[in-house]
Structures are given as C-alpha cells and as structure tokens.
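1. Please find the sequence and the predicted model below.
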Amino acid sequence: MTAEGHLLFSIACAVFAKNAELTPVLAQGDWWHIVPSAVLTCLLPDIDHPKSFLGQRLKWVSKPIARAFGHRGFTHSLLAVFALLTLFYLKVPESWIVPGDAIQGMVLGYLSHILADMLTPAGVPLLWPCRWRFRFPILAPQKGNQLERVLCMALFAYAVWMPQTLPENSAVRWSSQMINSLQFQFNRFIHHQIEQ
C-alpha cells in the first residue's frame, strides 16, 4: 500500500474506532487527539524500508532497521506494537502529559498500517519471529492505487454513517471487550515494571 493509502486508511480506522466505541477511552476521546495521533504513526511500520516515505527522510534509522529485519519484518508485527508501547511507557517522563486517547490513537494508526498491509498479496508477519504471513489479498499493487482509494473512502463512509447502536454480540463489541482486557493486563505489566 502507498503512503497516501496508509494515511487515508488510518483516518478511516480512527473514525471507525471512535464511532464504534472500540474502547471506553476512544468512545470518550477527543477527535483532535485520536485522528492526528493515528496519522502521526500510520507510516511508522515502513521505517524498515529505506525507499518508503518515512525511510527516505530518516535514512539513518531506516537503513539499520532494514538490514536487521528486512521490509515487512519485525516492524509489521504485534511484537513491535508491544515493544513500542512498553518503551513509550517506560521512557517518556511522567511530566509529559499525553492523553490516553492520543496514545490509543497512536496505537490505532500503527495497527491500521499493519491491517492495510494484510490486504496486499505479500501480507505481514503478524506473529514475528514466526515467519507465517497473514494476508487477505484484495489489493494488488500492480493495478495502481485507485482500488486503495476506493477501499479507504468506502471504509470512511461506512465509519461515518455506521449505526450508532450495535448489538451486544457483534464482532465490534467482542473486540472492544478483548482490547479492554489486553489494555488492563498491559497496564498491570507496566506498573509492575516501574515498581521494580
């Protein structure tokens, strides 16, 4: 997927997550925190590709990561999300006030990139270091990025006009409960690490 596609997809995902109330924090969050945060991090996984939009601007970071992991390696995995979140919580000074909705927006942007790359034939190693590639190849790069735009705009339109009342047993509600549980466990882990 192109940088333009990732930007559009991250905005669509942010709107969807807020409207679907994916987490309580996102449900109560500020649009001006969630959407810019998602856009800020949506290109970050491609730091492992020196010719990517971000890689061209940060070659001093991109080249070593590309040599160590290759393109669509570690940075396109759930382990990378966990590592970056842990690093953020352990290294960002407590005096920096970063709203919870902005943090979740950043995670959402990063995950939107991984999800978008799963829609290509190459897929992503979601469970890196396992080499399994997760893919749902509906986007073919050789056909240009017109299909990308249509998909992103369709997702955005659905996110804006989706029903506000979803059934309790819907996939969105189930994933919301799972995310809340994971967030609770992650916060316990971080607090345990800080106390040591």
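-> In hand now; what should we look at?
2. From the rest of the structure, what touches stretch 106-121?
-> 1, 5-6, 9-10, 12-14, 17, 26, 34, 37-46, 72, 76-77, 80-81, 84-85, 123-124, 126, 134-141, 151 (Cβ atoms under 8 Å, 6 or more residues apart in numbering). Placement of C-beta: from N, CA and C, glycine included.
3. Which ones among those lie within helices?
-> Counted as lying in helices by DSSP state H, out of the contacts of stretch 106-121, are 5-6, 9-10, 12-14, 17, 26, 34, 37-41, 80-81, 84-85, 151.
4. just the buried members of these?
-> Buried by 16 or more other Cβ atoms under 10 Å: 5-6, 9-10, 12-14, 17, 26, 34, 37-39, 41, 80-81, 84-85, 151, out of the ones in helices among the contacts of stretch 106-121.
5. I'd guessed Ile34 sits against Val25; true?
-> No - Ile34 is beyond contact range of Val25, at 9.3 Å (criterion: Cβ atoms under 8 Å).
6. list residues touching both of these two?
-> Taking Cβ under 8 Å, 6+ apart as the criterion, Ile34 and Val25 both touch 101, 104.
7. Leaving out chain neighbours, which residue sits closest to Phe88?
-> Closest residue in space to Phe88, ignoring its immediate chain neighbours: Ile103 at 7.5 Å, by Cβ to Cβ, 6 or more residues apart in numbering.
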